[in-house]
Structures are given as C-alpha cells and as structure tokens.
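Asks: pasting the sequence and the predicted coordinates here, then a few questions.
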Amino acid sequence: MWQFDDKACSYEQVSFTLFIACSVVNMLFVSVCLAWHTQGPTLRYLLLILRAKLRGRRRGAGAKFQYDAFISYCCKDEDWVMGQLVPNLERPAVGEARLRLCLHHRDFRPGAAVLDNIEAAIHSSRHTICVVTRHFLQSDWCSMEFQLASLRLFCDGSDVLLLVFLEEIPEHCLSPYTRLRKIVHKKTYLLWPEAPQEQDAFWVRLIDALKDNEGGRRGEHQLA
C-alpha cells in the first residue's frame, strides 16, 4: 500500500475529503456504541457527576426539605411499599410523628422529564430509601436513582442513603453492582424480617433513622 501511486487514480479532492470524514465519523460512532454497551453504567455515572457539577446543586445546613424520604423501588415490589412501608411511615400510631414520603406515581411533576423528576425528588428529600430486591438490581431506573442519591455525598457531603433489603441477596449477586456492594460493606442496612413479632422493631429502627436531621450520620448510628 505504501508503494501505491495514487497519481494513476482520478478523484475529486472534495469527494475524497468527504469519504475520509465519513469514515472517521462512522468509526467514532461504532466506538462510542461499543463503549456504551460494555461500560454503560460507568459512563452514565460520570455524566451524572458532570451534570451535578455544572448545575452546582448545594443545600445549606439550615435549608428545609420538602420530604423526609424519597422511596426508590422497583414496580414489582410496589405491593410491599404501598401495603407496608407507606402506611407505617405516613400513617403511624397515635402520638407518633407523621413522615412525608416522595413516591413516583404520586409526587412526580407531570410533563417534566423523568430524570429531572428523580433528581428534584432526591435533592428535596432528607433521605433516600432504596428498597433492594433482585428486581431492584435489574432495574435501570432504580440504578439511576441509586447513583443520583450517591451523588449527594459527592456534591454536598450529605450521606442520605438508607438501604432496606426485602430479601437475602447472596454476595455473588451483588458483585456486578460495585458501588452498592461497597456501601453494604461500609454501612449497616435493614433487612425486612419474615417473623411478624420482629417487624415492630424494624419500623422503630427505620423511623429513628429517618428522624435524623444531620444527613445520615446519626441515622447510621441508630441503625446500628
């Protein structure tokens, strides 16, 4: 090829330049698609960090939150969320403080982009409760919500995540979800008890963590 004499060929300079430009664009497009297919979660997380940095979302220490907690869950676990979580937190026993929860179907602003709604819900809530199941791990939207809630720690130092496991998930099932696995190893999480006599203690521990006003530090102590 290096000995090929292109003087024997006849072509227009404009056409040749256009051919080279299209070839380069096609190669870049294929490379981006392959990178997104293989490293999609990592790239998406980096984009979220960049977006949060550009928007400069910060909340002062004395700022008030609209909600006590944003609930991140898969729609396949909605029966437990609406049948157990919401009644016990929003309609507690007499004398207990009522907590304000942010739910997708009830509190998201109509007409706004889903990602904008998720970001607004997380930043207007004191905590984010992730209801973790195998369905949660397989949901792209739940992964997005988890990553955005993790950004709170990166952007304004607020460690807001509270993890509630509805089922025992083996270590090998968590291994693909690096950030979630790290948080599980560092922080205490709540596991929904199957025994009815242990469920009252579960709600006491969760409510105590949600009443924390310091962005999760005392909440982690309460869970422990």
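Replies: Thanks, I have the structure now.

Asks: quick one: the strands in this structure?
Replies: In the chain, the strands defined using DSSP state E lie at 67-72, 101-102, 125-132, 161-165, 190-191.

Asks: make CSV out of those and add distance to residue 116.
Replies: Glycine gets a C-beta too; all of them are placed from N, C-alpha and C. Formatted as CSV, those follow (distance: least, CB to CB, whole Å):
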stretch, distance to residue 116
strand 67-72, 14
strand 101-102, 14
strand 125-132, 15
strand 161-165, 21
strand 190-191, 29
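
Asks: how about the residue nearest the centre of the chain, what does it touch?
Replies: Central residue of the chain (CA atoms, centre = their mean): residue 146, 1.8 Å from the mean position. Contacts for residue 146 (CB atoms under 8 Å, 6 or more residues apart in numbering) come out as 72, 130, 161, 179-180.

Asks: any idea how far residue 186 is from residue 142?
Replies: Distance of residue 142 to residue 186, computed by CB to CB, to the nearest Å: 20 Å.

Asks: swap in residue 196?
Replies: The spacing between residue 196 and residue 186, counted by CB to CB, is 31 Å.

Asks: and what of residue 77?
Replies: With distances taken as CB to CB, residue 77 is found 24 Å from residue 186.

Asks: neighbour-wise, which of those two wins?
Replies: Neighbour count, other CB atoms under 10 Å: between residue 77 and residue 186, residue 77 has more, with 20 against 8.

Asks: surely the more buried one meets residue 134?
Replies: No - using CB atoms under 8 Å, residue 77 is not in contact with residue 134, being 9.7 Å away.

Asks: for the protein, what spans make up the helices?
Replies: Along the chain, the segments classed as helices by DSSP state H run 13-55, 78-80, 86-90, 104-107, 114-123, 134-138, 140-156, 171-174, 178-186, 199-210, 217-223.

Asks: going by mean pLDDT, which of those helices comes out lowest?
Replies: For the helices of the chain, the weakest mean pLDDT is recorded on helix 217-223, namely a mean of 41.

Asks: ok, residue 141 - contacts?
Replies: By CB under 8 Å, 6+ apart, the residues touching residue 141 are 114, 118.

Asks: roughly how far apart are it and residue 30?
Replies: 28 Å.

Asks: before we move on, what about residue 166?
Replies: Distance from residue 166 to residue 30, by CB to CB: 41 Å.

Asks: more neighbours: which of these two?
Replies: The neighbour comparison of residue 166 against residue 30 (other CB under 10 Å) goes to residue 166, with 20 against 10.

Asks: in this structure the more buried one contacts residue 130, no?
Replies: No - the criterion here is CB under 8 Å, and residue 166 misses it with residue 130 at 10.7 Å.

Asks: look up the closest residue to residue 139, ignoring the ones flanking it.
Replies: residue 74 (4.7 Å; CB to CB, 6 or more residues apart in numbering).
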